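Colleague: sequence and predicted structure are below.
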Amino acid sequence: MMRSISVLAGREFVAQLRSGTLILVGVVAPVLLAVLFGFALGGGDSTEPSRVGVVDLDGGEFASSMQDEVLASEELTDIITLEEVGTVSEAQGAVDSGELGSAIVFTEGFTQTVRAGEGGVVEVLESASNPVAATVATSVVDQMSALVQARTLSVRAATAAGVPESEVQVFVEANGADGPSLSLVDAAMADGAVDMSVFYASGIAALFAFLVVGTAARSILAERRIGVLARVQASPVPGWALVLSKAIVGFGAALLSMCSTWIASVLIFGESWGDPPAVFLLFAAHCLAATALTMLVASGARTDAQADGYVLVLSFAFGFLGGSLIPIFQLPEALQILSRFTPNGWTANGLGSLVVSGGGVDSILLPVAVLLAIAAVAALAAGLRFRKGLLR
């Protein structure tokens, strides 16, 4: 059976190559659009300094020195302004109302745990309506974590050397153990700008994944019309093998399309999309979801032309709601909620985590899990519909 599926998939792949569909729709079109949008609308999107609240529940010297570090950084001067807030609830209210873009919380006992060589906890309150400020705050906290780690190690060394507790902080700072200076050079918000070429290229890649799979789904209906499906069903090969082979080719073509757009964007604009293995895993999960959903939609079509229409509606609806065409935070609140039900939205969420935080596979486990769940449910539904309709 696997041999039959391989033969059918190979035949479909060669047919798409010969017709030029795979190259045109899967590679040329998305790469060209990504480049055009990148040059026209990409580049640094300058922002006003982000208002970030600071809730100092600790009140100790280490929390204070962290804030001084931010204020003393020349690079952060035009990017962030710190505003003191009394309580976490007040900060959360200001963030929710838009008065503050985000807030940094130094938890109680921060200085004590750092002084004891046990590290410290810094939290970030984010606003969905102002992701730029949240990005800045998260990036600054990531840098603070490096500082905390460096100082924690220095405190341990000072304590082991017999330095009195009252002199530990002076000893640490006097010996240059402040750790790396606060910087956003490797962050998405470097120089207070967001390079939108990554946003447009990734959005186009996610959108075209559906369109590419649509060409494979369409061919199922076309082959039924010209009698190929009937001949397959009359042979020892079951009809579902043909559908599965189309889905395999659609998935592979969609993944090729997304990777082509990704590579072209990185080479042309020089902007990283994050950890490569994590990006590839996220794309693979998105393509699985796109394949299953496209096949589900195609299973309800009566003609290949009708399948084209269904796929176009599905692609652009998910593209619009999922942030592939317009940033999610610019959508009305109701549509932002709907984005959580789209593969594009979860893919954009995962890619945002990779670009902003510089994390790896562990930072995208939730988006990947959701995408795989969508793929599983849609694939099951598509299989049942094909069995009752096209393959009966």
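Modeller: In hand now; what should we look at?
Colleague: neighbouring contacts of stretch 215-226?
Modeller: With contacts defined as Cβ atoms under 8 Å, 6 or more residues apart in numbering, stretch 215-226 is touched by 12, 15-16, 21-22, 25, 229-230, 242-243, 246-247, 249-250, 253, 294-295, 297-298, 301-304, 306-308, 311, 390. All C-beta atoms are positioned from the backbone trio N, CA, C, and that covers glycine.
Colleague: recalculate using a threshold of 6 Å.
Modeller: Here stretch 215-226 makes contact (Cβ atoms under 6 Å, 6 or more residues apart in numbering) with 21, 229, 246, 249-250, 294-295, 298, 301, 303-304, 307-308.
Colleague: mind giving me the PyMOL command for buried ones among the residues you listed?
Modeller: Selection command for PyMOL covering only the buried members of the contacts of stretch 215-226, criterion 16 or more other Cβ atoms under 10 Å:
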select buried, resi 21+229+246+249+250+294+295+298+301+304+307+308
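Colleague: return the closest of the contacts of stretch 215-226 with respect to A317.
Modeller: The closest of these to A317 turns out to be T294 (Cβ to Cβ; 12.4 Å).
Colleague: show me where the stretch 1-150 of the chain has helices.
Modeller: All helices of the stretch 1-150 of the chain, identified by DSSP state H, counting those that start in this stretch, fall at 2-19, 21-23, 29-41, 61-72, 88-97, 110-115, 131-160.
Colleague: about what we covered before: now for the contacts of stretch 215-226, which pair is the farthest apart?
Modeller: Largest separation among these by Cβ to Cβ: V249 and T303, giving 20.6 Å.
Colleague: circling back to that earlier point, lowest-confidence one in the contacts of stretch 215-226?
Modeller: Checked by pLDDT, these have L229 as the lowest-scoring entry (62).
Colleague: coming back round to it: export the contacts of stretch 215-226 to JSON lines and tack on secondary structure?
Modeller: Putting the contacts of stretch 215-226 into JSON lines (DSSP: H, G, I helix; E, B strand; the rest coil) gives the following:
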{"residue": "T21", "secondary structure": "helix"}
{"residue": "L229", "secondary structure": "helix"}
{"residue": "K246", "secondary structure": "helix"}
{"residue": "V249", "secondary structure": "helix"}
{"residue": "G250", "secondary structure": "helix"}
{"residue": "T294", "secondary structure": "helix"}
{"residue": "M295", "secondary structure": "helix"}
{"residue": "A298", "secondary structure": "helix"}
{"residue": "A301", "secondary structure": "coil"}
{"residue": "T303", "secondary structure": "coil"}
{"residue": "D304", "secondary structure": "helix"}
{"residue": "A307", "secondary structure": "helix"}
{"residue": "D308", "secondary structure": "helix"}
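Colleague: list just the nearest of the contacts of stretch 215-226 to V105.
Modeller: Nearest to V105 out of the contacts of stretch 215-226 is T294 (Cβ to Cβ; 43.8 Å).
Colleague: look up the closest residue to the closest one, ignoring the ones flanking it.
Modeller: Ranked by Cβ to Cβ, 6 or more residues apart in numbering and with sequence neighbours excluded, the top spatial neighbour of T294 is V213, at 4.2 Å.
Colleague: ok, R11 next?
Modeller: S245 (8.0 Å).
Colleague: which pLDDT value belongs to that neighbour?
Modeller: Here the pLDDT value assigned to S245 is 85.
Colleague: wait, isn't it in contact with I5?
Modeller: Yes. Here S245 lies in contact with I5, judged by Cβ atoms under 6 Å, at a distance of 5.1 Å.
Colleague: which one of those two is surrounded by more residues?
Modeller: Counted by other Cβ atoms under 10 Å, S245 and I5 do not tie: S245 has more neighbours, with 24 against 17.
Colleague: now F106: how far from Q67?
Modeller: 8 Å (Cβ to Cβ, to the nearest Å).
Colleague: now do A91
Modeller: A91 sits 14 Å away from Q67, going by Cβ to Cβ.
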